[in-house]
Structures are given as C-alpha cells and as structure tokens.
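> any chance you can model this:
(one chain, ligands or ions: 1)
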Amino acid sequence: MPAVEIRNKIHWIGVNDHTTDLFEGLWPITQEGVSYNSYLVNDQKKAIIDLAKSIKVDEFFKRIAEIVNPSQVDYIILNHMEPDHTGVLRVLRKIAPQAKILCSPKAKDMIQAFYGITDQVQVVQDGEEVQLGELTLQFFMTPFVHWPETMMTFEKINRILFSCDAFGSYGALRGAIFDDECTDLEFYQKQALRYYANIVAKFSAQVLKAIEKLSGIPVDIIAPSHGLIWRKNPSIIIDLYKKWAEYAKIPGEPGITLLYATMYGNTEALMDSVAQGISQTGSSLEIFDVSRIHTSYILASLWSKSGVIIGAPTYENELFPSMAHVLDIAIRKGVQHKKVAYFGSYGWAGGALRELEKQLALLKWQMADTLVFQGGPSQEVLAQGKEFGRKFAEMVLSGMNSEKNG
Ligand code: FEO
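Numbers count the residues shown, from 1 in each chain. From the prediction side, this is the model:
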C-alpha cells in the first residue's frame with residue numbers, strides 16, 4: 001500500500017503485518033494481522049512520528065521516499081519505545097544520522113538499553129512544542145498507556161492526535177485506513193476490544209487519566225499506531241476506550257462468559273444444559289472451550305461481561321489445568337469484580353473448587369453458586385444444570401438492573 005495523505009503535509013507511511021502469528025509473542029493475530037502506523041510530516045522540517053517493527057524494512061523506507069528523501073529527516077518522534085514502533089530505529093539512524101530523536105524523559109535510557117543510541121536524543125517535556133514550519137507538534141506525557149515512557153503527539157494546525165497504542169486495535173488495514181472508508185467498522189471495534197483487554201486493560205486507570213488530560217484539546221483526528229485512523233467520528237473510539245477503562249472498576253455490561261473444559265464430555269454435557277438455562281433469560285452469552293480457544297479471545301469477553309460461569313472437572317485433585325491457566329492470566333490482567341458460578345465433574349474426589357476459590361480471592365470475583373457431580377451427569381443433574389444457568393443469568397441481569405437503578 002503506498003503512502004496515504006491524511007491532511008496537508010501529513011502522511012500515513014505505516015506497515016501492514018500479515019505474517020506475525022503472535023503479537024508480543026503471546027496474542028494470536030494470524031487471522032487478523034496488525035498494522036504499525038507511522039506518520040510523516042513534510043513541512044520545512046521533516047518529522048516521522050513513531051516507526052514500525054523491523055519487518056518489511058525496504059517497504060517502509062520506500063514509502064518515506066515517495067514523499068521525502070529519508071536521509072533528509074530532521075526529527076524522529078518516539079511516542080513509545082516498544083519495538084513494534086521502534087524496530088527500524090537503528091536503520092533510520094544510519095540513513096539519517098543528523099535526525100534528532102525526540103522522546104519523553106523516561107524513554108531516553110530505554111533508547112540506549114534497546115538500541116545503544118545516545119547521540120542526538122532530545123528529551124521533551126509535557127506540553128512542549130516543536131515548530132516544523134507551518135505546522136507545530138505538541139507533546140503530552142501519558143505514562144503507562146502503554147509503558148511508563150509513553151507520550152502522545154498533537155499537531156495543532158490539523159488537530160491530529162498521534163496517540164500510539166491508545167485507541168489502537170488489532171487488524172491489519174484492508175485498503176481503507178480511515179473510519180469513513182471502512183466498510184467493516186464492527187471488525188475493528190471487536191479487535192480494539194481484544195487489543196484493549198490483552199495489552200492496555202492492566203493500565204486502565206492511566207487510560208482514564210490520559211483521556212481526562214486530553215479532553216481540553218480540540219482533536220479532529222485520532223491517528224493511533226495500530227488500526228484505523230478515526231477522522232469522521234473520533235469520539236467512537238475515545239468513548240469505547242473510556243467505557244472499557246471504566247470496566248476495571250465495575251463488573252462490566254450485563255452478560256455471561258461461559259468458560260468450560262472437558263476431558264470425556266461429562267462437564268460439556270452439563271455445560272449444554274447450563275447454556276440452555278441462560279439462553280431462556282435472554283442474557284447475552286459467549287461460550288469458550290478454554291483448552292481450544294486462545295486466552296486472547298477469552299479476555300475480551302471476560303473484560304466486558306459482568307458474569308462468568310466456570311465449568312471444569314477436577315484433575316489430579318486440582319482445577320483442570322487449562323482453566324487454571326486462563327484464570328491466572330485474568331489475575332495478571334486485573335480482570336476484577338465479576339459475579340461467578342462454578343460447575344464440574346470429578347472421578348473419585350473433588351478438589352477443583354478448592355483451587356478455584358484461591359484464584360477467585362485474587363480476582364475479587366464473587367461466587368454465587370456451585371454444582372458439582374461425580375462421573376457423568378444424570379437426567380436429574382442435567383435438569384439442575386439448566387436451573388443453575390437460568391438462576392445465575394437472572395441474578396446477573398437483575399444485579400445489573402439494580403446497579404443501574406441505584
Ligand atoms: Fe504497540 Fe505498546 O506497543
């Protein structure tokens with residue numbers, strides 16, 4: 001994809017990644033891909049805002065060369081040090097050794113640690129401006145959105161906020177780079193939630209602080225470093241991020257994530273009855289076999305829905321390992337304040353619930369109900385499972401109603 005002009009003198013020069021399987025070595029993007037959006041400001045002084053991972057390096061420099069000679073770049077603005085935005089820094093430094101790297105105070109040492117670069121690194125302070133000619137860049141410190149050194153860059157004439165990870169999403173760009181050209185906004189919104197839950201959620205308090213801090217700035221365009229550029233309705237992605245960040249403090253939206261694992265189909269059989277009971281209430285429901293579906297997708301559901309049902313057998317006197325793994329990741333990511341119910345089978349002795357309760361204490365999830373059975377579920381147990389699902393869903397829905405009314 002060639003460079004794309006966003007507004008006068010400002011161009012997208014990003015890289016689309018369709019070959020990385022695991023973002024951060026953890027989160028699957030084989031199907032969805034991701035973009036590393038980089039931006040070139042071609043004024044009297046030339047500035048590149050955020051770079052790209054070190055893939056398709058030739059393509060990246062070819063794209064710059066469509067607009068300016070890469071050796072003529074005056075400024076390299078690094079909003080964030082993570083290598084998905086700085087991977088080509090050493091190459092750019094060789095091509096344009098005179099270019100000044102502008103970064104936050106905390107990024108300076110990190111540039112040395114990651115790339116051994118110390119020359120021509122200039123720290124900028126919160127609110128500081130750099131005049132490029134007609135256009136002016138202003139820098140805002142937004143720590144921990146995503147790392148401690150993170151900042152954002154605002155171009156004052158065109159009112160474009162280069163927000164780096166904030167307001168980003170998984171999903172390579174598919175021809176359209178702007179929200180108003182995209183025919184599948186739902187895809188990017190869904191991928192933005194998964195990206196938020198995987199990458200940003202842990203720092204939700206800082207996301208809210210950053211949104212509050214930037215609320216007085218007249219932003220016309222949100223240009224993140226992953227996913228679509230929002231020029232028609234930037235408030236869509238700002239409001240979504242604000243809503244998701246607030247889910248760190250409250251249970252989330254009414255609905256149920258049903259997680260299950262099964263060895264020989266007994267817990268799965270009960271899961272079907274539980275799901276039947278839930279569906280009778282009209283509650284929204286997402287079901288995941290935790291042994292088969294990657295935690296990346298599960299986290300998005302857990303983050304946004306207020307209720308969780310866990311169906312897992314006892315395995316060697318403990319919780320089924322793949323379920324324990326998902327809950328461990330949820331602990332690490334700070335998924336809190338959910339209502340939860342547990343069901344599961346055991347062969348000769350229980351034990352799953354005992355381990356689960358330890359994890360729930362760390363998660364601050366509130367246990368509402370349990371249903372444990374030996375071996376395969378009888379007709380009576382299946383009927384109990386349906387009622388168990390129905391009652392839990394009603395409680396989740398009424399809990400949300402009373403929280404709203406309260
Ligand atoms: Fe897209 Fe935190 O890097």
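> quick one: the strands in the stretch 51-200 of the chain, in order.
With DSSP state E, counting those that start in this stretch as the criterion, the stretch 51-200 of the chain has strands at 75-77, 100-103, 121-123, 129-131, 136-141, 151-155, 160-164.
> which parts of this structure sit against the ligand?
His80, Glu82, Asp84, His85, His146, Asp165, Ser225, His226 (Cβ under 6 Å from any ligand atom). Using the backbone N, CA and C atoms, a C-beta is placed for each residue, glycine as well.
> swap in 8 Å and give it another go.
Those residues of the chain that sit near the ligand, judged by Cβ under 8 Å from any ligand atom, are 36, 80, 82, 84-85, 146-147, 150, 164-165, 168, 199, 225-226.
> assign Ser398 to helix, strand or coil.
Reducing the assignment to helix, strand or coil with DSSP: H, G, I helix; E, B strand; the rest coil, the entry for Ser398 is helix.
> give me the neighbour count for it.
Look at Ser398: counted by other Cβ atoms under 10 Å, it has 12 neighbours.
> which ones are touching the closest residue in space to Cys103 that isn't next to it in sequence?
Closest residue to Cys103 in three dimensions, ignoring its sequence neighbours and counting by Cβ to Cβ, 6 or more residues apart in numbering: Leu78, at 4.5 Å. When the contact criterion is Cβ atoms under 8 Å, 6 or more residues apart in numbering, the partners of Leu78 are Asp50, Leu51, His85, Thr86, Leu89, Ile101, Leu102, Cys103, Ala107, Ile111.
> of the residues you listed, closest to the ligand?
Nearest to the ligand out of these is His85 (Cβ to the nearest ligand atom; 5.6 Å).
> I'd say the closest one and Ser225 touch.
Yes - under the criterion of Cβ atoms under 8 Å, His85 is in contact with Ser225, at a separation of 5.7 Å.
> how about Ala393, what does it touch?
Counting by Cβ under 8 Å, 6+ apart, Ala393 touches Ile256, Gly277, Ile278, Gln280, Thr281, Ser283, Leu285, Gly307.
> which one's more surrounded, His85 and Ser225?
When neighbours are counted by other Cβ under 10 Å, His85 and Ser225 differ, and Ser225 comes out ahead with 27 against 23.
> hang on, the more buried one packs against His80?
Yes - with contacts counted by Cβ under 8 Å, Ser225 reaches His80, the gap being 7.5 Å.
> any residues in contact with both of these two?
When contacts are counted by Cβ under 8 Å, 6+ apart, Ser225 and His80 have Asp50, Cys164, Asp165 as shared neighbours.
> so in terms of bridging, what pairs with the second one?
In this structure, Cys164 has the following beta-bridge partners (DSSP bridges): Pro224.
> pull the number of nearby residues for it.
Applying other Cβ under 10 Å, we find 29 residues neighbouring Cys164.
> same deal with the one 5 residues further on?
Ser169 has 23 neighbours, counted by other Cβ under 10 Å.
> and the pLDDT for Val88?
We have a pLDDT of 98 for Val88.
> err, Ser402, not the other one
pLDDT recorded at Ser402 is 48.
> could you dump the shared contacts of Ser225 and His80 to CSV with distance to Phe60?
Formatted as CSV, the shared contacts of Ser225 and His80 follow (distance: Cβ to Cβ, whole Å):
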residue, distance to Phe60
Asp50, 12
Cys164, 17
Asp165, 19
